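[1] Provided below are the primary sequence and the corresponding predicted coordinates.
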Amino acid sequence: MSLFLLTLLFVSAYHFYVRYVPVCCIPTLTLQQLRNIGDERVSIVDLRDYNDSSSVHVENAIHVPVAYLKRNYQQLLHKEVIVIASDNITKNIGIRKLKQYGFQVKGAYIDKQDKAASTINVVM
């Protein structure tokens, strides 16, 4: 019985860590910084769900929801990426998955669901 409880405790602690503990050394970008990205060696990955990604549309972003990341991470063209997420949980899970697949995450933008935001033109 105690082995079961210990296993349950470790599994719960692991899931808590993956979801809620922020990833170290990943800067959070502002909307202005995201607009000014001009590096051709960096892919922009939109991890938001399909219905959430319509609030702030980012041109030249590769749209791969975090639930489909395992299946579609081969679509990413470069090993350096910038992540767009809808909340901190999606950001943490997505960055950890991308690092697991060998990508270097250079920054993250969290969409606050701002209704005044419009299309972002990213020059690459």
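    Nice, thanks for sending it over. Numbering: from 1, shown residues only.
[2] Show me the shaky parts of the chain.
    Counting by pLDDT under 70, the ranges of the chain that qualify are 113-124.
[3] What are the boundaries of the helices in it?
    With DSSP state H as the definition, the chain shows helices at residue ranges 2-20, 31-35, 69-72, 88-100.
[4] Quick check: which of those helices is buried the most?
    Between those, the one whose residues have the most neighbours on average, counting mean count of other CB atoms under 10 Å, is helix 88-100 (a mean of 18). C-beta coordinates here come from the backbone N, C-alpha and C atoms, glycine included.
[5] between that one and helix 2-20, how big is the angle?
    When axes from the mean of the first three to the mean of the last three CA atoms, to 10 degrees is applied, the directions of helix 88-100 and helix 2-20 differ by 100 degrees.
[6] Columns distance to residue 79 on top of the helices of the chain, output as TSV?
    TSV is the format used below for the helices of the chain (distance: least, CB to CB, whole Å):
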stretch	distance to residue 79
helix 2-20	22
helix 31-35	19
helix 69-72	15
helix 88-100	10
